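Chemist: predicted structure and sequence below. I'll ask about it afterward.
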Amino acid sequence: MLDYIRDGAEIYRRSFSIIREEADLSAVPADLEKLAVRVAHASGMVDVIADLRASPRAGAIGRAALAAGAPILCDSVTVQRGITRSRLPADNVVTLLAEADTLDGAVIAIGSNPAAIATIRASGAHPALILAFPAGFDEAAPAKQALAESEAAIPFVTLLGTRGGTAMAAAAVNALATERE
């Protein structure tokens, strides 16, 4: 019979330790290291780290926006529910993108709707940060690639290719929300 660990904090600690041992974090900016580890944890795949792309200082920008109380706009209820409220630094409002009055200054988490990326970019809005993690074989990869190659002034973090999903989008928010791993 296996002797399972039942302490949640110890499970997280060991999981993150294993990810750090197995993953190549050398190309990840320091301000995104915890985000990269949490995305790997959410997906169960350390190799996703190689496909992460971000604009300069994206992690610092996202942390500052959240600390200043920026709302978090989610493309789905699943992303919204995956955000750990106790990690949020300023009792940030967490709502659906479709219900937002404005995108300006918000941290936007996309886990399932790749069309939202182009819509936001074309809107002329100025969100603080876009966390673009939609999965899919049709629109997701090109939408994320276009974001990564854009010269727009919108800070972003994305995962190139077809992989992604709501768990990774929520994990990205949770990683930026607090310094504790």
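Modeler: Right, received. Where do you want to start? Predicted model only: the values in this text are computed from it and were never measured.

Chemist: in contact with the closest residue to residue 74 other than its chain neighbours, which residues?
Modeler: Nearest in space to residue 74, with sequence neighbours left out and distances taken as C-beta to C-beta, 6 or more residues apart in numbering, is residue 80 at 4.2 Å. (Each C-beta comes from the backbone N, C-alpha and C, glycine too.) Applying C-beta atoms under 8 Å, 6 or more residues apart in numbering, one finds that residue 80 lies in contact with 74, 94, 95, 96.

Chemist: distance check, the second one against residue 67.
Modeler: Per C-beta to C-beta, to the nearest Å, residue 94 is found 15 Å from residue 67.

Chemist: tell me who's in contact with residue 62.
Modeler: 107, 128, 129, 131, 155, 157, 176.

Chemist: mind checking which of residue 94 and residue 67 has more residues around it?
Modeler: residue 94 (20 against 15; other C-beta atoms under 10 Å).

Chemist: list the beta-bridge partners for the more buried one.
Modeler: residue 72 (DSSP bridges).

Chemist: what sits against it?
Modeler: Listed by C-beta under 8 Å, 6+ apart, the contact partners of residue 94 are 71, 72, 74, 80, 83, 85, 88.

Chemist: quick one: which of those residues sit in helices?
Modeler: residue 80 (DSSP state H).
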